[in-house]
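> The following comprises the amino acid sequence and a computationally predicted model.
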Amino acid sequence: MNTSEYKRFLRFCSKNIDNSNLELFNVDDIVHSIFDQVEKLKGQAQRVREKFLNNIVDNLLLFEKNCLSNNLNINWCLSSEDFLENLLNLLGRKKIKSVNLSSSEFFEQLDLKNSLKSDKISTFSKDNRCFILEADLGIVDSASFFSVFESEFEMELFLDSKIKIIILPINKFICNISDIDIFTHIFSIYKNNKSFPSLTNIFTPKQIGNQEEVYVFVVDNEQSNLLSFKEQRKALLCIDCGACKRVCPVYQTIKDEPYNNSLTGPIANILLPFIENFDNHKHLTYNCLLCGNCTSICPVNISIPDLIIENRKYFFENKILDHNDNILILSLRKFFLRNKNKNLKPWLKRYLLRRIIPKITRKQLQIPQFAKKTFNKIQQDNNKG
Ligand code: SF4
């Protein structure tokens with residue numbers, strides 16, 4: 001889908017894009033009933049995640065060292081293909097024909113279920129020999145794993161299984177186990193909408209019994225593509241709580257379909273063009289009204305609208321947008337940067353834009369109201385005064 005087609009689709013949806021159909025998500029009531037200073041909590045969570053991300057390479061190497069010294073097997077996988085090949089080899093070596101799987105969006109991205117199926121490995125195991133889990137967070141200093149389970153049954157299955165395979169994307173870590181406490185609360189409030197942490201488990205190497213084997217897979221799957229982007233890399237702070245999806249008026253209207261991916265919602269608008277490809281995902285940069293609902297709720301303070309603007313800027317500067325969109329933006333920029341146009345009367349600016357835009361785009365767009373005085377004019381008046 002090109003960006004113009006996508007914008008037409010959004011306009012078609014636009015009658016519903018308001019706040020009236022948002023799910024009632026009273027996270028604020030819950031969080032305020034537990035924490036006096038919610039902003040302080042979010043700031044702390046953000047800093048903990050930044051501490052890992054800002055030094056990701058050294059932290060991952062330290063995690064590997066700690067895993068090895070605790071007899072955990074660790075595998076690094078660059079792509080989903082690498083991961084599937086390594087995992088299927090391991091299951092083949094261990095003669096495993098059935099596994100239990102935790103539910104996970106990341107497994108869908110990696111196409112895990114289909115690959116197991118085509119290797120004739122059942123995803124329901126009666127003998128409970130092997131469990132494949134996507135942990136919610138890895139903890140560097142203690143080679144531990146934090147997970148929120150869907151049910152007590154699922155948690156018991158994992159703890160009882162003889163072969164535990166733990167999967168983590170490269171960005172889902174924190175440095176110190178002493179910081180896990182705030183995340184147990186954050187996951188229960190923002191992911192499960194509950195005021196008390198339940199069904200959470202911190203799995204440490206001390207818990208590994210004599211008969212047990214633990215294999216850890218750390219999977220990049222193109223996430224590291226974002227690391228070289230100063231702003232967009234902040235999207236990797238995301239802990240996948242899903243809270244922003246529930247308050248986003250656009251996502252609540254369009255739902256999953258336009259993403260054509262298992263990763264969806266506001267954060268996917270930033271990530272997908274970089275971890276998949278630009279051509280099929282550049283339209284997602286228009287999935288945002290810049291209303292800021294997502295930023296106000298995000299427990300790790302990711303400013304998604306700012307990142308959307310960064311993506312738009314990057315796509316424009318690198319000619320990734322469709323030709324017509326690039327021409328439109330260039331023309332508008334040229335028009336507004338011309339000195340003589342700066343101080344035109346507001347009504348005249350609107351009139352001119354109404355005439356220019358349809359000529360370029362062959363469609364009528366909504367034109368914003370302009371301020372009565374520009375900064376330039378205010379400055380000129382002040383200088384005279
Ligand atoms: S970006 Fe969305 S899913 Fe990620 S942590 Fe923030 S609110 Fe949760």
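Okay, I see it.

> Please, where are all the strands along the stretch 151-300 of the chain?
Here the stretch 151-300 of the chain has its strands, by DSSP state E, counting those that start in this stretch, at 163-169, 173-174, 200-203, 213-219.

> could you check the angle strand 163-169 makes with the last one?
If you take axes from the mean of the first three to the mean of the last three Cα atoms, to 10 degrees, strand 213-219 sits at 20 degrees to strand 163-169.

> Show me the shaky parts of the protein.
Within the chain, the stretches with pLDDT under 70 are 1, 14-26, 357-366.

> Can you pull up the most central residue in it?
Per Cα atoms, centre = their mean, the C-alpha nearest to the average position across the chain is that of I267, at 3.7 Å.

> dump the residue contacts of the spatially closest residue to that residue that is not a sequence neighbour.
Nearest in space to I267, with sequence neighbours left out and distances taken as Cβ to Cβ, 6 or more residues apart in numbering, is C238 at 5.0 Å. To be clear about C-beta, it is placed using only N, CA and C from the backbone, and glycine gets the same treatment. Residues near C238 by Cβ atoms under 8 Å, 6 or more residues apart in numbering: 171, 267, 300, 302.

> How about the first one, nearest residue that isn't a chain neighbour?
This means N171. L236 (4.1 Å).

> list the contacts for that neighbour?
Counted by Cβ under 8 Å, 6+ apart, L236 has contacts 53, 171, 223, 226-227.

> One more: L88?
115-116, 119, 121.

> ok, L84 to N277 distance?
When distance is defined by Cβ to Cβ, to the nearest Å, L84 is 20 Å away from N277.

> And those two? Which one has more around it.
Comparing L84 with N277 by other Cβ atoms under 10 Å, the one with more neighbours is L84, at 20 against 11.

> Does the more buried one lie in a helix or a strand, and which?
helix 80-93 (DSSP states H and E).

> tell me which parts of this protein are close to the ligand?
Residues of the chain found near the ligand (Cβ under 6 Å from any ligand atom) are 238-244, 267, 297-300, 302.

> Restricting to C-alpha, output stretch 121-136 in CSV.
Extracted in CSV, the C-alpha atoms of stretch 121-136 (Å, rounded to 0.1, in the frame of the first residue of the first chain):
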residue,chain,number,x,y,z
ILE,A,121,6.7,-30.9,16.4
SER,A,122,3.4,-30.6,18.3
THR,A,123,2.8,-27.4,20.4
PHE,A,124,1.0,-29.3,23.0
SER,A,125,3.0,-31.6,25.2
LYS,A,126,1.5,-34.1,27.6
ASP,A,127,4.8,-35.3,29.0
ASN,A,128,5.8,-31.7,29.8
ARG,A,129,9.4,-32.3,28.9
CYS,A,130,10.1,-29.0,27.1
PHE,A,131,8.7,-25.5,27.5
ILE,A,132,9.5,-22.6,25.2
LEU,A,133,9.0,-19.3,27.0
GLU,A,134,9.3,-15.7,25.9
ALA,A,135,10.5,-13.9,29.0
ASP,A,136,9.3,-10.4,29.6
